[in-house]
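> what follows is a predicted structure for the sequence shown.
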Amino acid sequence: MAAGNVEGQITRLLESINELLVDLEQKPQRSETEQNSYVSSLYNILGALHTIQLDVDELSKAAVRFDFSPECPGNGYRSLLFIISAAITKVQEIVSSIMQRRGSIFFRNTVATEELHDYGFGVLRTLARIARLSVSVLDHAGDSLFLKMDRTDLREVILLEVESMHRESFFGTAMGFYFPPAVQTVLKTIILALTGCRVAYAREPDVAFGSTAALGGSFYMFNDRARAKHILPLAMEEDIKFVKAFWNLVDTTPARHLAKIMGPLLEVNRVITLQVSDDLLMTSSARVLSVNAATEEQLDSWVMVNDSDFRPERAVLVPPQSGLPSGQTSGHTSGSESGPASGTATHARPSRLASIRDEEDDLPPSPQPVAVLLPAVPEQAEAFVPEQAEAVPPVAAAAAAAATTNDHWVLEQMELFGTVKIRLLAYNRRVGMLINSKTQAVSGGPPSTGLIIHFHGGGFVAQSSQAHEIYLRQWAKDVDVPILSVDYSLAPETQYPTALEECMYAYRWALSNMDKLGSTGQYICITGDSAGGNLTVAVALKCVQEKIRLPTAILAFYPALNVQFTLSPARFMSVFDCLLPQGVLRACLSAYTGQPSVTFNTNDPLLCPILASDAWLQGLPPVYIAASGMDPLLDDSVEFARNLKRLGKPVYLKVFEQLPHGFLAFRGSGGPHVAEAYNLSVEWLRRILSR
């Protein structure tokens, strides 16, 4: 968005407002209240426009300066200009409508005055203040999009200004006005469900709400102001209990079946529970301890059954009695599976046979917490620390208690306490995939040369692999490679670095057990969205640190790479963003780190990958990032991509200008913009997995 475009819009709107003011003076409203409301709103708009005029040139220059490339424009400054332009266009439409119709007996003056107030005082005035603050960040951030955390004096002033901003209009009349119509429809559906849940939660905070509460939001479909009042506390306050409950509705209500309806049926869709042991990483002959949803004979017969009423198996993998020599931490070794240990296998016979065509787990939607893991260094272990890179301990309370400056990957605490759950999805069954407790598949297609390892989003606090099947199922068909999605433990029950270490464990297990996944492992893409994007990059950095085989490439969608409550032009969008308002961002940050969100500061690149030094970044494989233009996390992607580009690393960035955070979940209902983004994801996956 060029400065000339916005300035031209401002000039035209100023002319229209002055014309309307003259008309109101010559032909005043019959109601003095309506007359005063019109005049007051118009003068508020005039003040906001003059303020924006002072900053628009600097914002436009910054937008060009911080673009990743001329072919890939996008950053917080550019998004702010886009939203300002959309707001001016909307106000121009309202003013023109008033000019043309206010004398008509059918014209609803009350509606017009409310809209003028909401977009004038509510939207444009707030955007003008954000533009001013963005220029302040620009003046003090140097070559970065982010204001440094050590600028505490300026941060405090800006945060106080942000706290005082009007935001109610953005959750009412003006909700999502800058998005395409199809995206607006999806957002309104989400916000109505959110409103219903907020009402139920406010009434009985200790009672779990579900689909009935979500449907209750439909009562606020035509009452924008009432809806906004219910949502506003969520935008301002940290309430992790509500955030978890609402985001988990896609796992705990009939909404969990939506992916099955909208997506393709899969021949393989099973949850496997890995019992953590270092031996497990050293051999491909891990055994299945138990299958609790059907007998082995029934499991074998699934290929011949097509029944829509199904129950899945829960497979628990445990290491064999003997593994490979100590010290071998990765690699692939073929081997045959032995039967379950005597006396340990339990089988529950279901009332009806299940179909392998679309097999689903019966596990709880969110994994049970695993104890917080303490970093430790095995005796005589040599940690790889790249030159000029400082390996720092994690910041979580339990991790900080371990007085060490080396966050070397070990499994001792996980082995004591935990399991890691993974979901295996495949459109076509392949030779070698786990079929039952005794054997791997001997029929089916040949092993794929590729494998997708996926870490789901959800702010580190909610959701599961099942919640992300809306696009995982389609990937499984369109890319036609097995997908391993990790159900890591969630905050605040467990905090950093537990989720990272579980994802790392799953990655290492996959390297040693490709034959069970229906893949040769020639090409591996690790991918994730939002919080999962953070874990994706962190796992790759961990591989660099530990000299473990790197994936072929990283694919991150709107990742959270700067896990600090820092300030940037994109972060200011959390003032009015429907999906990631300020209160939600702060709640997730506090839950994951265990520290107060506003003052939290770290120098750990595994927690906050945007802090990774050049030496660490040099070790990464090619990086692909798909970012949302209308996303408080946009600058995370742009800054990280610019850092890689500066080093000459292969990095590919695409900013979808008019899409919100979480657009992958809108597949099938978000219109052509979401379809374009999904198609690019498939194109990139195919490119990575056939290099």
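Nice, I can see it. Residues are numbered from 1 along each chain as shown.

> low-confidence ranges in this structure?
Across the chain, residues meeting the criterion (pLDDT under 70) sit at 1-4, 278-417, 435-439, 691.

> which residue is nearest the middle of it?
residue 530 (2.3 Å; CA atoms, centre = their mean).

> and that one, its phi and psi?
Here is the backbone geometry of residue 530 (degrees, to the nearest 10): phi 60, psi -120.

> before we move on, what about residue 531?
According to degrees, to the nearest 10, the main-chain angles of residue 531 amount to phi -60, psi -40.

> where's it relative to residue 190, distance?
For residue 531, the distance to residue 190 equals 18 Å [CB to CB, to the nearest Å]. To be clear about C-beta, it is placed using only N, CA and C from the backbone, and glycine gets the same treatment.

> these two: which is more packed in?
residue 531 (26 against 20; other CB atoms under 10 Å).

> run a quick neighbour tally on the residue lying closest to that one once chain neighbours are set aside.
On the basis of CB to CB, 6 or more residues apart in numbering, the spatially nearest residue to residue 531 that is not a chain neighbour turns out to be residue 460, at 4.5 Å. Using other CB under 10 Å, the number of residues around residue 460 comes to 29.

> equivalent analysis for the one 5 residues further on, please.
For residue 465, the count of nearby residues is 28 (other CB under 10 Å).

> just checking, it touches residue 488?
No - taking contact to mean CB atoms under 8 Å, the distance of 9.6 Å between residue 465 and residue 488 leaves them out of contact.

> helix/strand/coil for residue 595?
coil (DSSP: H, G, I helix; E, B strand; the rest coil).

> residue 566 versus that one, what's the distance?
Counting by CB to CB, the gap between residue 595 and residue 566 amounts to 14 Å.

> quick one: which of those two has more around it?
Comparing residue 595 with residue 566 by other CB under 10 Å, the one with more neighbours is residue 566, at 23 against 19.

> now do the same contact list for the more buried one.
146, 147, 148, 149 (CB atoms under 8 Å, 6 or more residues apart in numbering).

> then residue 599?
With contacts taken as CB under 8 Å, 6+ apart, residue 599 has the following neighbours: residue 565.

> on that earlier part again, the residue nearest to the centre of the chain: what's it in contact with?
Applying CB under 8 Å, 6+ apart, we find residue 530 in contact with 457, 458, 459, 557, 558, 559, 560, 633, 661, 662.

> number of nearby residues for the third one?
Residues contacting residue 459 under the criterion other CB under 10 Å number 23.

> need the helices for the stretch 501-650 of the chain, in chain order.
With DSSP state H, counting those that start in this stretch as the criterion, the stretch 501-650 of the chain has helices at 514-517, 531-546, 582-593, 614-618, 634-646.

> would you turn those helices into JSON lines with distance to residue 126?
Formatted as JSON lines, the helices of the stretch 501-650 of the chain follow (distance: least, CB to CB, whole Å):
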{"stretch": "helix 514-517", "distance to residue 126": "50"}
{"stretch": "helix 531-546", "distance to residue 126": "28"}
{"stretch": "helix 582-593", "distance to residue 126": "13"}
{"stretch": "helix 614-618", "distance to residue 126": "37"}
{"stretch": "helix 634-646", "distance to residue 126": "19"}
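
> any idea which of those gets closest to residue 76?
helix 634-646 (4.7 Å; CB to CB).

> got phi/psi on residue 430?
Backbone torsions for residue 430, taken as degrees, to the nearest 10, come to phi -130, psi 150.

> beta partners for it?
For residue 430, the beta-bridge partners under DSSP bridges are residue 445.

> what is the neighbour count of the closest residue to residue 224 other than its chain neighbours?
Take residue 224 and drop its neighbours on the chain: the residue closest to it by CB to CB, 6+ apart is residue 172, 3.8 Å away. Around residue 172 there are 22 other residues, counting by other CB under 10 Å.

> contacting residues for residue 172?
Residues touching residue 172, when contacts are defined by CB under 8 Å, 6+ apart, comprise 118, 224, 225, 227, 228.

> so the last one is in which element?
Right, the one you point to is residue 228. Taking DSSP states H and E as the criterion, the element that holds residue 228 is helix 224-236.

> and that helix, how far out from the chain middle?
Its chain's C-alpha centre lies 23 Å from the corresponding centre of helix 224-236 when counted by CA atoms, centre = their mean, to the nearest Å.

> in whichever helix or strand comes after it, what's buried?
Per DSSP H and E, helix 224-236 leads on to helix 240-247 as the next helix or strand towards the C-terminus. Neighbour-count burial for helix 240-247, with 16 or more other CB atoms under 10 Å as criterion, is recorded at 240, 242, 243, 244, 245, 246, 247.

> between helix 582-593 and helix 240-247, find me the angle.
With axes from the mean of the first three to the mean of the last three CA atoms, to 10 degrees applied, the angle from helix 240-247 to helix 582-593 works out at 100 degrees.

> convert the C-alpha atoms of helix 240-247 to CSV, please.
Taking Å, rounded to 0.1, in the frame of the first residue of the first chain, the C-alpha atoms of helix 240-247 are listed here in CSV:
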residue,chain,number,x,y,z
ILE,A,240,-5.9,-19.2,30.2
LYS,A,241,-8.7,-21.4,31.5
PHE,A,242,-11.2,-20.0,29.1
VAL,A,243,-8.7,-19.9,26.2
LYS,A,244,-8.0,-23.6,26.6
ALA,A,245,-11.6,-24.6,26.9
PHE,A,246,-12.7,-22.6,23.9
TRP,A,247,-9.9,-23.7,21.6
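
> between it and helix 224-236, how big is the angle?
Going by the same axes, to 10 degrees, helix 240-247 is angled at 120 degrees with respect to helix 224-236.

> packing partners for helix 240-247?
Using 3 or more CB pairs under 8 Å, 6 or more residues apart in numbering; DSSP states H and E, the elements in contact with helix 240-247 are helix 181-203, helix 582-593.

> and the longest one, what's buried?
What it means is helix 181-203. Neighbour counts over helix 181-203 (16+ other CB under 10 Å) mark 182-188, 190-201 as buried.

> same deal with stretch 63-73?
By neighbour count on 16+ other CB under 10 Å, the buried set for stretch 63-73 is 63, 66, 67, 68, 73.
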